[in-house]
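# Test case, fold it:
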Amino acid sequence: MRSILKYNRGMDILGNFKKGTVLVIGDLVMDHFIWGKVRRISPEAPVPVVEVNSESLILGGAANVVNNIHSLGGMVLVCGVIGKDDAGKKLVHELKQKGIPSDGIIVEGDRPTSVKTRIIAHSQQVVRFDREKRNKIHFDAMKAIIDHTKKKIGSVDAIVISDYAKGVISEELMEEVINIARKKNKPVAVDPKVSHFDFYKNVSIITPNNDEASQASGIDIEDNASLLRAGDVLLKKLGSDAILITRGEHGMSLFENNGGITHIPTVAKEVYDVSGAGDTVIGTVALAIASGASFKEAAVISNFAAGIVVGKVGTATVTPEELKKAVENRLGAKKGR
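Below is the predicted model of the structure:
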């Protein structure tokens, strides 16, 4: 990794995080966690009985991308849709508490705010259940998102599309957002859903995981040869500048349209929970690019961030101090600057 990113350069990019502004467009979610312990199996059915100790309701989905960028010290704007309900009010309240503007959030009265509930016992997820509607948002809501993007494009350095397939991201919306961004030469980074891959043509960078890349390319990624074929297929299919495939314990692989291929080994020491890890990756990639990083440099920095966040339980974020420490440990003075 030191051949890609030197210590001083990495610290310079991290130092610029506070100057970068990112607009996040996508499916806003509240993550509901129920924490407890399992001591017995139910006599009614062969399932564990969770004795609940506490609950928490935190930002999830595209809102977790927003939270990650904010936690890293970047300026962040958000655009999405919520319902006229308590979960939606809580989401807006959480954003306002962090000083994040909510003027890009549209309320639709006939759809609920998406809520994912996870029951956690002994640091392990027991079950998850979702309350949501996945139907496409109304035309007026889509137009409001486009208008907000036009209004804010001059003040942002990058755009993130956080697609959870809950109804916000459509082909029409993507065409408009990409056109708006390209006219102002602003990069667009996408955290994708397989069913929407055709929507993402001509974006700057897209960050599928291994399974998503396999499905979207039609190539089962089993070894290095199949990985290379899948990366090539996706670049040609999407016409994007770069594809960053996140590969779990195998790290990340970056494919660029200039022919460059870069494999980045994982730095995760322990993996407790991958919930929201993709949000951390896309948020860090976008903020790094907004702060002057190349695709390679952004990929290395996001790999550090992912290695930190998977060591935490629940939907989590990374702080600048944690990221700087990771860069110091891997790229610092004793390892050559």
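# if I look at residue 25, how far off is residue 111?
Going from residue 25 to residue 111 by CB to CB, to the nearest Å gives 17 Å. Glycine gets a C-beta too; all of them are placed from N, C-alpha and C.
# Of the two, which one has the most company?
residue 25 (27 against 22; other CB atoms under 10 Å).
# Give me the nearest residue to that one, chain neighbours excluded.
Excluding its sequence neighbours, the residue lying closest to residue 25 (CB to CB, 6 or more residues apart in numbering) is residue 79, at 4.6 Å.
# and what of residue 208?
Nearest to residue 208 is residue 192, by CB to CB, 6+ apart, at 5.4 Å.
# looking at the chain, which helix or strand is least sure?
Every helix and strand of the chain was ranked by mean pLDDT, DSSP states H and E. The lowest is helix 320-331, at a mean of 90.
# Can you list the low-confidence ranges for the stretch 201-337 of the chain?
The stretch 201-337 of the chain contains residues with pLDDT under 70 at 269-275, 314, 333-337.
# What segments of it are strands?
205-206, 242-246, 252-256, 261-264 (DSSP state E, counting those that start in this stretch).
# pLDDT on the helix or strand the residue nearest to residue 25 falls within, on average?
In this structure, residue 79 sits in strand 75-83 according to DSSP states H and E. Strand 75-83 shows a mean pLDDT of 98.
# what does that strand contact?
Residues outside strand 75-83 that contact it (CB atoms under 8 Å, 6 or more residues apart in numbering): 18, 20-28, 62-63, 66, 69-70, 88, 91-92, 95, 100-102, 104-109, 111-113, 137, 141, 145, 148-149, 152, 156, 167-168.
# how about the helices of the stretch 201-337 of the chain, start to end?
Under the criterion DSSP state H, counting those that start in this stretch, helices of the stretch 201-337 of the chain are mapped to 210-217, 224-238, 277-290, 295-309, 320-331.
# For these, give me a markdown table that also has distance to residue 246.
As requested, these are exported to a markdown table (distance: least, CB to CB, whole Å):
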| stretch | distance to residue 246 |
| --- | --- |
| helix 210-217 | 7 |
| helix 224-238 | 12 |
| helix 277-290 | 6 |
| helix 295-309 | 7 |
| helix 320-331 | 17 |
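# Can you tell me which of those is packed in deepest?
Comparing these by mean neighbour count (mean count of other CB atoms under 10 Å), helix 277-290 ranks first with a mean of 29.
# Report the backbone C-alpha coordinates of that helix in PDB.
Below are the C-alpha coordinates for helix 277-290, written out as PDB (Å, rounded to 0.1, in the frame of the first residue of the first chain):
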ATOM      1  CA  ALA A 277     -19.400  -1.200   6.100                       C
ATOM      2  CA  GLY A 278     -20.300  -0.300   2.500                       C
ATOM      3  CA  ASP A 279     -21.600   3.000   3.700                       C
ATOM      4  CA  THR A 280     -18.200   3.700   5.300                       C
ATOM      5  CA  VAL A 281     -16.400   2.800   2.100                       C
ATOM      6  CA  ILE A 282     -18.500   5.000  -0.300                       C
ATOM      7  CA  GLY A 283     -18.500   7.900   2.200                       C
ATOM      8  CA  THR A 284     -14.700   7.700   2.600                       C
ATOM      9  CA  VAL A 285     -14.100   7.300  -1.100                       C
ATOM     10  CA  ALA A 286     -16.200  10.300  -2.000                       C
ATOM     11  CA  LEU A 287     -14.800  12.500   0.800                       C
ATOM     12  CA  ALA A 288     -11.200  11.600  -0.200                       C
ATOM     13  CA  ILE A 289     -11.800  12.400  -3.900                       C
ATOM     14  CA  ALA A 290     -13.500  15.600  -2.800                       C
END
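# Grab the most central residue of this protein for me.
By CA atoms, centre = their mean, the chain has its centre lying nearest to residue 279, at 2.1 Å.
# Just list the residues touching it, thanks.
Residue 279 touches 61, 62, 64, 65, 68, 162, 191, 315, counting by CB under 8 Å, 6+ apart.
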